[in-house]
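Visitor: I'll drop the sequence and a predicted model, then ask my questions.
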Amino acid sequence: MFTIDEHQICRQQNWVFCLTHLNDKYNGQLDILVNNAGWYPIQPLSEITEASYDAAFDLDVKAVVLLAAKLLPLVKKSKGSIINMSSVGKEHPAPNISLYVAAKAAVENLTKSRANELAGEGVRVNAIAPGAIETSIWNVPGATQEQMDEKLKRVEAGIPMKRFGKPDKAVNAANFLASNEASYVSGSIYGVD
């Protein structure tokens, strides 16, 4: 297993690196591709710029499209599984996160379309739509600790269980979707919230 961080995933030379690495180390076979990167820009519509639009859609959509396209021959070879990360936010769009929820809606539609496209070749495609999970996506650059604490309290108040989920809950969903137990599951959006 290897990873490329979210700051590097949008660069095509890194996709070539992935392909070369997988060919060299794993005989050109990829069993599971998890597209797990996201950017959560908090911007009112009046402040959205072309740069912020590009940043959100490059990471949340373009990387999902082009990385999977580049690595698809390896996933087909193993009749593997592609798992995309979406967000429950797409179903509950809050103010000032329109770029994020629009990008995640695109990811869910890509997931469903690709599931239909690749089913005949034995490749399953699903998405996980986590709710509020304890990750760095909640960090707001420039915010004070007091501001962050207040923000996290507001988010927690809107969660039915009144707490953030742990990352292992999303990992458990990915493990299931990648397993043989989910061999008849494709085109699904698996909520973890």
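Guide: Ah, there it is.
Visitor: can you pull the alpha-carbon coordinates of the lengthiest strand in the chain into PDB?
Guide: Longest strand in the chain by number of residues, with DSSP state E as the criterion: strand 124-130. The C-alpha coordinates for strand 124-130 follow below in PDB (Å, rounded to 0.1, in the frame of the first residue of the first chain):
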ATOM      1  CA  ARG A 124     -17.200  -2.500  -8.600                       C
ATOM      2  CA  VAL A 125     -17.400   1.200  -7.900                       C
ATOM      3  CA  ASN A 126     -18.900   2.600  -4.700                       C
ATOM      4  CA  ALA A 127     -18.700   5.700  -2.600                       C
ATOM      5  CA  ILE A 128     -18.600   6.300   1.100                       C
ATOM      6  CA  ALA A 129     -20.400   9.400   2.300                       C
ATOM      7  CA  PRO A 130     -19.100  10.100   5.800                       C
END
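Visitor: Mind giving me the packing neighbours of that strand?
Guide: Secondary-structure packing of strand 124-130 (3 or more CB pairs under 8 Å, 6 or more residues apart in numbering; DSSP states H and E): strand 81-85, helix 98-118, helix 167-178, strand 189-192. Heads up, the C-betas are built off the backbone N, CA and C, glycines and all.
Visitor: Tell me which of these lies nearest to E146.
Guide: Nearest to E146, of all the helices and strands packed on strand 124-130, is helix 98-118, at 24.0 Å by CB to CB.
Visitor: related to what we said a few turns ago, hey, which of the helices and strands packed on strand 124-130 is tucked in deepest?
Guide: strand 81-85 (a mean of 24; mean count of other CB atoms under 10 Å).
Visitor: which residue is nearest the centroid of the protein?
Guide: Geometric centre of the chain, nearest residue: M85, 2.5 Å, by CA atoms, centre = their mean.
Visitor: Mind pulling up the pLDDT for that residue?
Guide: At M85 the predicted local confidence, pLDDT, stands at 95.
Visitor: Can you get me a residue count around the residue nearest to it when sequence neighbours are not counted?
Guide: Nearest non-adjacent residue to M85, counting by CB to CB, 6 or more residues apart in numbering: N36, 4.7 Å away. Applying other CB atoms under 10 Å, we find 18 residues neighbouring N36.
Visitor: Likewise for M161?
Guide: 10.
Visitor: cool, and the one 5 residues further on?
Guide: K166 has 12 neighbours, counted by other CB under 10 Å.
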